[in-house]
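Engineer: After the sequence you'll find the predicted model.
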Amino acid sequence: MIAPSPAGSTGVPASAVVPPRRRPYAAAFRALLCAAAVTGIVIDLFIGDPSRVPIYFTIQSNALLALTLGWSAVRAWTGGPPLSPRLTGGALLFIVITGLVYHLILANDASGFSMTDDPAHRDTGWHTVSNQLLHTVTPIGAVLDWLLLTAPGGLAYRYAAQWLAYPAAYFAFALLRGAALTPGTPARYPYPFLDAAAHGYAGVATNALVLGLLFYALALSLVALDRVRPYLQPRENRISPTRAGGLK
């Protein structure tokens, strides 16, 4: 015997009344963006030292984005519920950090922390392809996916501080790894602003504090923009049936 449902509800699951809404275009876009991130990572693994490639924030943030987009693409294709905004927002923040740090600092000779003179990071051949995929294509694509294919209002201000746990953990990892390696080891510190041998621990801590505050401001800005941006997707009609004719 089926117990009566509360508050006049019929007890029928919503999925039995309204069929799942598949989003093939969103699925296709996310699958392509996922492929771009994976391709860039694979290229770096083939042309670089596979033991060192995974230590870079660029690789880790793109790997997280690829997993998130791949999972989200499956959900969109099958009509499943969207992923948690805490997860997708974090992946978005990290890949935007990757793009901004690369273009404004690492590829900028005026920044004081440029890596353009490093032969291992010089833009030549396949390295140029991977650089553009991992530092330009995926950040821009992730922002477009968020603005055009994701419903607004899902991000909360408390997420901003939570997301910073990963950059903070990466900072600690980079310093501990560098301290454990002998001087002169290639890529002992993955990024110039984290090079304790060159800047001292006080200098690196200052760099990390400044970047951390900027990252927090960026995270808060994403949440604030998410609260006011319009929803560019057509809202699904929950009353009319999904067939030709009638209301849509």
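Structural biologist: Received the coordinates, thanks.

Engineer: so where is the chain shaky, pLDDT-wise?
Structural biologist: 1-20, 118-124, 233-248 (pLDDT under 70).

Engineer: any chance you could map the helices in the protein?
Structural biologist: With DSSP state H as the criterion, the chain has helices at 14-17, 24-47, 57-78, 85-101, 126-132, 138-149, 157-163, 165-180, 196-228.

Engineer: The spatially most central residue of the chain and Pro192, how far apart?
Structural biologist: Of all residues in the chain, the one closest to the mean position by Cα atoms, centre = their mean is Ala91, 2.7 Å from it. Ala91 sits 25 Å away from Pro192, going by Cβ to Cβ, to the nearest Å. Using the backbone N, CA and C atoms, a C-beta is placed for each residue, glycine as well.

Engineer: just to revisit the earlier point, my read is that the residue nearest to the centre of the chain contacts Asn62, right?
Structural biologist: No: taking Cβ atoms under 8 Å as the definition, Ala91 is not a contact partner of Asn62, at 9.7 Å.

Engineer: which residues sit in contact with the nearest residue to Pro192 once chain neighbours are set aside?
Structural biologist: Excluding the flanking residues, the one nearest Pro192 by Cβ to Cβ, 6 or more residues apart in numbering is Phe113, at 4.1 Å. Phe113 sits next to Ile105, Leu106, Tyr191, Pro192, Phe193 when contact means Cβ atoms under 8 Å, 6 or more residues apart in numbering.

Engineer: can you put those in TSV and add distance to Thr39 and neighbour count?
Structural biologist: Conversion of the contacts of Phe113 to TSV gives the following (distance: Cβ to Cβ, whole Å; neighbours: other Cβ atoms under 10 Å):
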residue	distance to Thr39	neighbour count
Ile105	24	18
Leu106	21	21
Tyr191	23	19
Pro192	27	17
Phe193	28	21
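
Engineer: what's near enough to touch Ala219?
Structural biologist: Leu93, Tyr159, Ala160, Ala161, Trp163, Leu164.

Engineer: What subset of these is buried?
Structural biologist: Buried by 16 or more other Cβ atoms under 10 Å: Leu93, Tyr159, Ala160, Trp163, Leu164, out of the contacts of Ala219.

Engineer: Looking at those, spot the one nearest Pro183.
Structural biologist: Pro183 lies nearest to Leu164 out of those, by Cβ to Cβ, at 30.4 Å.

Engineer: I figured that closest one hits Phe215, correct?
Structural biologist: Yes: the pair Leu164 / Phe215 is scored as a contact, 6.2 Å apart, by Cβ under 8 Å.

Engineer: Throw the helices of the chain into TSV and include distance to Asp117, thanks.
Structural biologist: Output for the helices of the chain, formatted as TSV (distance: least, Cβ to Cβ, whole Å):
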stretch	distance to Asp117
helix 14-17	57
helix 24-47	19
helix 57-78	18
helix 85-101	17
helix 126-132	14
helix 138-149	24
helix 157-163	32
helix 165-180	20
helix 196-228	14
